[in-house]
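1. Fold the following, please.
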Amino acid sequence: MGIKVNNGHSFLHPASGLIIGPGDVYHDGDDEQTVEESLSPSPLSVEEFKALSAQEQKDLLLSMEIEAGSNEPQRIEQYTDWLNAQANAGRTS
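-> Next up, the predicted model:
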(Lines give C-alpha, C1' and ligand atoms only; values in the text may rest on other atoms or scores of the structure.)
Protein backbone atom coordinates (compact mmCIF):
# COMPACT_ATOMS: atom_id res chain seq x y z
CA MET A 1 0.00 0.00 0.00
CA GLY A 2 2.79 2.46 0.80
CA ILE A 3 3.25 5.54 2.92
CA LYS A 4 0.23 7.49 4.14
CA VAL A 5 -0.47 10.63 6.13
CA ASN A 6 -3.11 10.43 8.84
CA ASN A 7 -5.65 13.17 8.09
CA GLY A 8 -8.16 11.97 10.69
CA HIS A 9 -8.25 10.98 14.34
CA SER A 10 -5.52 9.16 16.25
CA PHE A 11 -5.54 5.38 15.97
CA LEU A 12 -3.52 2.36 16.97
CA HIS A 13 -1.56 1.04 13.98
CA PRO A 14 -2.36 -2.69 13.66
CA ALA A 15 1.11 -3.77 12.54
CA SER A 16 3.41 -1.64 14.69
CA GLY A 17 1.18 -1.12 17.71
CA LEU A 18 2.09 2.59 17.70
CA ILE A 19 -0.40 5.41 18.09
CA ILE A 20 -0.67 7.34 14.84
CA GLY A 21 -1.82 10.91 15.45
CA PRO A 22 -3.24 13.50 13.05
CA GLY A 23 -0.57 14.54 10.55
CA ASP A 24 1.65 11.54 11.32
CA VAL A 25 3.20 9.66 8.42
CA TYR A 26 2.97 5.86 8.58
CA HIS A 27 3.50 2.79 6.43
CA ASP A 28 0.34 0.95 5.47
CA GLY A 29 1.62 -2.33 4.04
CA ASP A 30 -0.10 -5.67 3.72
CA ASP A 31 3.22 -7.48 4.15
CA GLU A 32 3.53 -6.54 7.83
CA GLN A 33 2.45 -8.75 10.70
CA THR A 34 -0.11 -7.49 13.17
CA VAL A 35 0.98 -6.88 16.75
CA GLU A 36 -0.78 -10.07 17.85
CA GLU A 37 1.05 -12.12 15.20
CA SER A 38 4.44 -10.68 16.11
CA LEU A 39 3.84 -11.23 19.84
CA SER A 40 2.66 -14.81 19.54
CA PRO A 41 5.69 -17.03 20.04
CA SER A 42 6.42 -20.05 17.92
CA PRO A 43 5.41 -23.27 19.63
CA LEU A 44 8.09 -25.24 21.41
CA SER A 45 9.40 -28.38 19.79
CA VAL A 46 8.63 -31.66 21.57
CA GLU A 47 12.27 -31.77 22.72
CA GLU A 48 11.98 -28.26 24.21
CA PHE A 49 8.72 -29.25 25.90
CA LYS A 50 10.40 -32.34 27.42
CA ALA A 51 13.14 -30.10 28.86
CA LEU A 52 10.60 -28.07 30.86
CA SER A 53 9.97 -28.87 34.51
CA ALA A 54 6.77 -30.75 35.35
CA GLN A 55 5.11 -27.56 36.60
CA GLU A 56 6.15 -25.62 33.48
CA GLN A 57 4.71 -28.38 31.28
CA LYS A 58 1.44 -28.28 33.24
CA ASP A 59 1.26 -24.48 33.11
CA LEU A 60 1.86 -24.45 29.36
CA LEU A 61 -0.83 -27.07 28.72
CA LEU A 62 -3.27 -25.19 30.95
CA SER A 63 -2.54 -21.96 29.05
CA MET A 64 -3.61 -23.83 25.89
CA GLU A 65 -6.82 -24.91 27.68
CA ILE A 66 -5.69 -28.53 27.95
CA GLU A 67 -6.14 -30.35 31.26
CA ALA A 68 -2.59 -31.51 31.96
CA GLY A 69 -1.92 -35.20 32.50
CA SER A 70 -0.60 -36.34 35.85
CA ASN A 71 2.61 -37.88 34.50
CA GLU A 72 5.19 -36.72 31.98
CA PRO A 73 4.46 -39.26 29.21
CA GLN A 74 0.79 -38.16 29.23
CA ARG A 75 1.77 -34.48 29.04
CA ILE A 76 4.21 -35.15 26.20
CA GLU A 77 1.50 -37.03 24.30
CA GLN A 78 -0.97 -34.18 24.91
CA TYR A 79 1.54 -31.60 23.66
CA THR A 80 2.46 -33.72 20.62
CA ASP A 81 -1.24 -34.11 19.76
CA TRP A 82 -1.70 -30.34 20.07
CA LEU A 83 1.32 -29.66 17.81
CA ASN A 84 -0.03 -32.07 15.19
CA ALA A 85 -3.47 -30.43 15.35
CA GLN A 86 -1.88 -27.01 14.83
CA ALA A 87 0.10 -28.27 11.84
CA ASN A 88 -3.02 -29.85 10.31
CA ALA A 89 -5.06 -26.69 10.91
CA GLY A 90 -2.40 -24.67 9.10
CA ARG A 91 -2.60 -26.91 6.05
CA THR A 92 -6.37 -26.85 5.81
CA SER A 93 -6.94 -23.13 6.26
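
2. In the chain, what residue spans correspond to strands?
-> In the chain, strands defined by DSSP state E lie at 3-5, 11-12, 19-20, 25-27, listed in chain order.

3. Columns mean pLDDT and mean neighbour count on top of those strands, output as CSV?
-> C-beta here means a position set from N, CA and C on the backbone, and glycine is covered the same way. Shown next, in CSV, are these (pLDDT from 0 to 100; neighbours: other C-beta atoms under 10 Å):
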stretch, mean pLDDT, mean neighbour count
strand 3-5, 80, 10
strand 11-12, 80, 12
strand 19-20, 83, 14
strand 25-27, 76, 13
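
4. out of those strands, which comes closest to Pro43?
-> Pro43 lies closest, by C-beta to C-beta, to one member of those: strand 11-12, at 27.0 Å.

5. which one of the strands of the chain lies closest to Gln57?
-> Nearest to Gln57, of all those, is strand 11-12, at 35.1 Å by C-beta to C-beta.

6. what distance separates that closest one from the middle of the whole chain?
-> From the chain centre to the centre of strand 11-12 is a distance of 21 Å (C-alpha atoms, centre = their mean, to the nearest Å).

7. Need the residues that contact that strand.
-> Contacting residues not belonging to strand 11-12 are listed as 18-20 [C-beta atoms under 8 Å, 6 or more residues apart in numbering].

8. can you give me the mean pLDDT across the longest helix seen in the chain?
-> In the chain, ranked by residue count with DSSP state H as the criterion, the top helix is helix 72-92. Taken as a whole, helix 72-92 carries a mean pLDDT of 88.

9. on contacts alone, who are the packing partners of it?
-> Where contact means 3 or more C-beta pairs under 8 Å, 6 or more residues apart in numbering; DSSP states H and E, helix 72-92 is packed against helix 46-51, helix 54-63.

10. quick one: it to helix 54-63, angle?
-> Orientation check (axes from the mean of the first three to the mean of the last three C-alpha atoms, to 10 degrees): helix 72-92 against helix 54-63 gives 40 degrees.

11. among the strands of the chain, which is nearest Asn71?
-> Using C-beta to C-beta and comparing these, the one that lies nearest Asn71 is strand 11-12, at 44.5 Å.

12. No further queries at this time; thank you.
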